[in-house]
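> Please find the sequence and the predicted model below.
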Amino acid sequence: LLLGTAYGLLAAIKLYWPEALELPFLSFGRIRPIHTNLVLFGWSSMGMVGMALYVISRTSKVSLYRPQFARAGMWAWNVSMALAVITLSIGITRGPQEYRELPTPIMALYAAGLLAILYTAYGTVARRKTPEIYVSNWYILGAFCWVTTIVVIAYLPFYQSGMGNIVVQGYYMHNAVGMWFTPMVLGLTYYALPRMLGKPIYSYALGVLAFWTAILFYTLIGAHHFIFSPIAWWLQTTAILFSVGMMVPVWAGFGNFFLTARGSWHKVRRSYAIIFLLVGVWGYALSSTQGTIEAFRSANIYWHFTNFTVGHSHLAMYGFVTFCIWGIVYGLLPTITGRGPSEVAMGLHFWLAFLGGSLYVVAISIAGILQGASWVAGESFIASVDAAAPMWLWRSIGGFMMVGGHIVFLYNLWSMRPASEAATPAVGTSA
């Protein structure tokens, strides 16, 4: 998290001050993919999977199945991320394919780690001592299944050029968010939120509805990233239609979580862990609804290929995924280690991250609107740069606040370390 966002902050600074740190390995074109790959695969994925293994064990009422495989997967992921930083820094890349920049051998190592963790996760649920599979595990196991499929399709050697590559790119970069990060975090929330509130989820049926409708709609909306491109018009229209359909699982899940919290606001006010989680749920609803609006051709004219899309992606991955991960860590990790952070430190983390992230998203979104309006008006490209540049400064200020919040999170994480080995409960002993 710290390394990935440090690269992201440097990228934001260099967008406003291009002459800052003029070194080849710190050029914008190299540090930007380092930032995205570290925060996606190094921070978010590892944070989610760590808590997912805990949730799977607790809800199945069994210890993890062959945890040495998950541990091997963790090391494979860490090694692959170290290699990613090295190779991308020296310019070794697969080219301008967002989130697919990593050379195939490195991604193969990451995929091997994924399969090892998947083996532990599925083996644990298969040996559960409960008659049913709790809804959290539907989402978690589904995410493991889908991301395996997505990565294989993305790296198939016969779809690496031409229009086929464009279609696969849209499929991969959108489904990496929608069929990996989203269901994994939602699955964790279906366990963590009721646990922290001390009450059952409002509706099991709404959770199942959201699960199946996400499968129905989400896998076909990646092409809305390439509206007005040379790909088939019918495929673009299908992506727009299914983007509208995505409102069903989004608002079913959002409503389910907030109806669960209804009547427990006194607990919410006293717990930053729950506040982090519910703000993340709001981020889920807002970013998904924004994505649906952005999919329409009339909106694409102004917003696509501008900084507005960058704001949208940060609202999703930061305002939704990362805030939920923080809330889940703060809510569940103390039950494992027996130690928790101070409310003051958690509050400092929350407000730095919330205000910094909000400033970042608003500033970069306004920059995108100004860019799009300039392009539609037929002005020169440099005119759009001049219009957006002041917002890039505010983006950097927001980034500084976000990184400050991450440093506080590191301190909080250290304060939650196990008091002693003897005091640490065994994973999977009870639900």
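Structure's in. What do you need? Residues are numbered from 1 along each chain as shown.
> which other helices and strands contact the worst-scoring helix or strand of the chain on mean pLDDT?
When the helices and strands of the chain are scored by mean pLDDT, DSSP states H and E, helix 162-176 comes last with a mean of 88. Helices and strands touching helix 162-176, by 3 or more Cβ pairs under 8 Å, 6 or more residues apart in numbering; DSSP states H and E, are helix 135-154. Placement of C-beta: from N, CA and C, glycine included.
> Of all the residues in stretch 210-226, which ones are buried?
210-211, 213-214, 217-226 (16 or more other Cβ atoms under 10 Å).
> Check stretch 349-356 too.
By neighbour count on 16+ other Cβ under 10 Å, the buried set for stretch 349-356 is 349, 350, 352, 353, 354, 356.
> Which of these fall in helices?
Here DSSP state H is the test, and the buried residues of stretch 349-356 give 349, 350, 352, 353, 354, 356 as lying in helices.
> Just put those in a markdown table and tack on distance to residue 134 and pLDDT.
Output for those, formatted as a markdown table (distance: Cβ to Cβ, whole Å; pLDDT from 0 to 100):
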| residue | distance to residue 134 | pLDDT |
| --- | --- | --- |
| 349 | 30 | 98 |
| 350 | 29 | 98 |
| 352 | 34 | 98 |
| 353 | 30 | 98 |
| 354 | 30 | 98 |
| 356 | 35 | 97 |
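> What is the nearest of those residues to residue 38?
residue 353 (17.4 Å; Cβ to Cβ).
> From residue 19, how far out is the closest one?
29 Å (Cβ to Cβ, to the nearest Å).
> burial measure for residue 404, as a count.
Residues lying near residue 404 (other Cβ atoms under 10 Å) number 15.
> residues contacting it?
352, 356 (Cβ atoms under 8 Å, 6 or more residues apart in numbering).
> in the helix or strand hosting it, what counts as buried?
Residue 404 belongs to helix 381-415 when assigned by DSSP states H and E. Buried residues in helix 381-415, counting neighbours by 16+ other Cβ under 10 Å, are found at 384, 387-388, 391-392, 394-396, 398-403, 405-406, 408-409, 412.
> Show me where the stretch 51-200 of the chain has its helices.
Using DSSP state H, counting those that start in this stretch, the helices found in the stretch 51-200 of the chain span residues 67-89, 104-126, 135-154, 162-176, 182-197.
> Equivalent analysis for the stretch 251-400 of the chain, please.
265-269, 272-295, 297-303, 307-314, 323-337, 343-376, 381-415.
> Let me have those helices in CSV, extended by distance to residue 24.
What follows is these, written out as CSV (distance: least, Cβ to Cβ, whole Å):
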stretch, distance to residue 24
helix 265-269, 49
helix 272-295, 35
helix 297-303, 33
helix 307-314, 24
helix 323-337, 34
helix 343-376, 26
helix 381-415, 22
